[in-house]
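A.B. asks: Build me a model from this:
(2 chains)
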Amino acid sequence: MIRIPVYLFVAQWALLAALGVLVVIVYRQLGRLLAGRGEATDLGPAVGSAAAALTYLRPGEQKERRLVPGDGQPLLVAFADPTCPSCEELVGTLGAMAAAGETAGLRTLVLISDPPSYLQISDVFSATELEIGRPARRDGLDPYRVSATPLLVAIDAAGVVRAAGSVISAAEVRAFARSCMLPAPAAALATIPASRSQDATSRGENAT
Amino acid sequence: MAELALACKAAIAVLLVAAGGAKIADLAGFAATVRLFLPGFLPGFLSGFLPARTAQALPRMVAATIAVAESAIGAASLSSPLVGWLNLVVLALCSGFVVVAVIGYLRHPGRACRCFGALSGRAFNLAAIGRAALIAAAAVVAATPVSGSLLRLGAAGRLGLLAGAALIAWCAYTAASTIGAGRDAQPGWVP
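C.D. replies: Next up is the predicted model:
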């Protein structure tokens, strides 16, 4: 009869248990992907809806500022945090586009939830020339449904949400920027389904 | 008691291997957590005598070192149970987790811990301190002396456990990569 050392027996069960947990995690994630839904299906405001006004504070300032969509200027509002790597990519992309003049005529605002002191821990956030603010209160924030970051919301000059989603790449951000700078009939907007980031990107490209 | 000590030792070793593998899969994310704990003056101080790119890459290098060290210590502890000082290294590492959890809760409450890379979305809170304390307690139990006859392994046994550790690290890496690929967005945004 073969005798298995006690420790080997225990260690094998520990390995087996860990393997089982990891298989379950991968299986669940695979199920999510096959079902076509990501982690944040309720991310962002509904496309076609009127964007809500927001109050925010710039770092180091005490005076509250108010963002009022629909004042005639298209808006790109990025909800991002310095502690989120994907947010750094988005802010870097927005910054590069602004430097290249690709967002001329468009107001870009980056809203963070982290305290302003966190800006220093990110090279991208601390160096960006973009306007950065932190919501002063929750009023008006709920319609944006910021359940995850990064979230980019494109709002046209009339204050209507034209695209919303978790986008990072330059191509996606450009599509968002285009979507909010082009006029669109309200009826066409109403037919556009509100969904996830990839859909939002194609919405942006097609909303002509 | 000896069986409990062995179970704790094996469980913590496997946990370290899995955590290390998952962290390697999301180094950028874990580096963002590392940055929370680096003194603010450090990048500026280092850029004085290091190339700027190297100074900027410091959090990522620290993150990679922690992840690889975690996996290596876990694998060594799992496959070399007779090496007593490894128990103390594991205990020191687990005590470090408690310190990080407490500092994280006090200074950065609600921020993502990324202790298991993309596998876990848990944040620095009281529950995280409790979990870290539990792991440290298990490490204390694992460090209690056990009869050598219970720990004796042949070369084949050690090799088998090392292969098992590598498999777990690879599975954790794959699982974390899969989840990370499907989730660019980081959950939570509470101003």
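A.B. asks: Quick check: B:C113 touching B:L119?
C.D. replies: No: using CB atoms under 8 Å, B:C113 is not in contact with B:L119, being 11.3 Å away. Where you see a C-beta, it was placed from the backbone N, CA and C, and this is true even at glycine.
A.B. asks: which residues are in contact with stretch B:147-156?
C.D. replies: Contacts of stretch B:147-156 from elsewhere in the structure, counted by CB atoms under 8 Å, 6 or more residues apart in numbering or on different chains, are A:P5, A:V6, A:Y7, A:L8, B:A2, B:L6, B:S79, B:P81, B:L82, B:L161.
A.B. asks: Most neighbours among those, which one is it?
C.D. replies: B:P81 (29 neighbours; other CB atoms under 10 Å in any protein chain shown).
A.B. asks: Give me the more crowded residue out of B:C113 and B:L119.
C.D. replies: A count of neighbours by other CB under 10 Å puts B:L119 above the other of B:C113 and B:L119, at 26 against 23.
A.B. asks: Then A:L152 would be within a strand, right?
C.D. replies: Yes: under DSSP: H, G, I helix; E, B strand; the rest coil, A:L152 falls within a strand.
A.B. asks: Let me see the confidence value for it.
C.D. replies: You'll see A:L152 listed with a pLDDT of 91.
A.B. asks: So what's the residue count around it?
C.D. replies: So A:L152, with other CB under 10 Å, has 30 neighbours.
A.B. asks: quick one, what contacts it?
C.D. replies: A:L152 makes contact with A:L76, A:V77, A:A78, A:F79, A:L90, A:A163, A:A164, A:G165, A:S166, A:V167, A:V173, A:F176, according to CB under 8 Å, 6+ apart.
A.B. asks: at 7 Å instead, please
C.D. replies: Counting by CB atoms under 7 Å, 6 or more residues apart in numbering or on different chains, A:L152 makes contact with A:L76, A:A78, A:L90, A:G165, A:V167, A:V173, A:F176.
A.B. asks: Now, the residues you listed that are in helices?
C.D. replies: Using DSSP state H, the subset of the contacts of A:L152 located in helices is A:L90, A:V173, A:F176.
A.B. asks: all strands in the chain, in order from the N-terminus.
C.D. replies: Looking at chain A here, since you left the chain open. With DSSP state E as the criterion, chain A has strands at A:54-57, A:65-67, A:75-79, A:107-111, A:131-135, A:148-149, A:151-155, A:161-165.
A.B. asks: looking at chain B here, not the other one
C.D. replies: B:186-187.
A.B. asks: which stretches of it have low pLDDT?
C.D. replies: Applying pLDDT under 70 to chain B flags residues B:40-44, B:47, B:52, B:181-191.
A.B. asks: And the longest helix anywhere in chain B, how far out from the chain middle?
C.D. replies: In chain B, with assignment by DSSP H, the single longest helix is helix B:155-182. Centroid separation for helix B:155-182 versus its chain: 14 Å, with CA atoms, centre = their mean, to the nearest Å.
A.B. asks: mean pLDDT for the strands of chain A: which is lowest?
C.D. replies: When the strands of chain A are ranked by mean pLDDT, strand A:148-149 comes last with a mean of 82.
A.B. asks: Whether that one contacts chain B - can you check?
C.D. replies: Yes: using CB under 7 Å from any CB of the partner chain, we find that strand A:148-149 touches chain B at A:A148, A:T149.
A.B. asks: in its sheet, what does that strand sit against?
C.D. replies: The strands beside strand A:148-149 in its sheet (DSSP bridges) come out as strand B:186-187 (antiparallel).
A.B. asks: Hmm, B:I12 is touching B:V141, no?
C.D. replies: No: B:I12 lies out of contact with B:V141 (CB atoms under 7 Å); the separation is 9.3 Å.
A.B. asks: out of these two, which sits in the busier spot?
C.D. replies: Between B:I12 and B:V141, B:I12 has the larger neighbour count (other CB under 10 Å), namely 27 against 16.
A.B. asks: sorry, back to before: helices - which of the contacts of stretch B:147-156 land there?
C.D. replies: Reading helices off these with DSSP H, I get A:V6, A:Y7, A:L8, B:A2, B:L6, B:S79, B:L161.
A.B. asks: of all these, which two lie farthest apart?
C.D. replies: Farthest-apart pair in the ones in helices among the contacts of stretch B:147-156 is B:A2 and B:S79; separation 19.2 Å (CB to CB).
A.B. asks: Show me the shaky parts of chain A.
C.D. replies: A:1-2, A:36-42, A:139, A:183-208.
A.B. asks: 90 instead, please
C.D. replies: Within chain A, the ranges that satisfy pLDDT under 90 run A:1-9, A:25-73, A:81-89, A:97-106, A:113-129, A:134-150, A:156-160, A:162-208.
A.B. asks: Quickly list the domain ranges of it.
C.D. replies: Structural domains annotated on chain A: A:1-36, A:54-206, as defined by automatic domain parsing.
A.B. asks: And the helices in the chain, which stretches?
C.D. replies: I'll assume chain A. Taking DSSP H to define them, one finds helices in chain A at A:6-34, A:85-99, A:123-127, A:170-181, A:186-190, A:197-206.
A.B. asks: Correction: the question concerned chain B.
C.D. replies: Going by DSSP H, chain B shows helices at B:2-25, B:27-37, B:42-46, B:52-56, B:58-79, B:84-107, B:126-142, B:148-151, B:155-182.
A.B. asks: Flag every buried residue along the fourth one.
C.D. replies: If you call a residue buried by 16 or more other CB atoms under 10 Å in any protein chain shown, then helix B:52-56 has these buried ones: B:A55.
A.B. asks: and that helix, what other elements does it pack with?
C.D. replies: For helix B:52-56, the packing partners by 3 or more CB pairs under 7 Å, 6 or more residues apart in numbering or on different chains; DSSP states H and E come out as helix B:42-46.
A.B. asks: Check the gap between the residue nearest the centre of chain A and chain B for me.
C.D. replies: Centroid-nearest residue in chain A: A:L151, 1.4 Å away (criterion: CA atoms, centre = their mean). Going from A:L151 to chain B by CB to the nearest CB, to the nearest Å gives 7 Å.
A.B. asks: Wait, that residue touches A:G44, no?
C.D. replies: Yes: in this structure, A:L151 is within contact of A:G44 by CB under 7 Å, at 5.5 Å.
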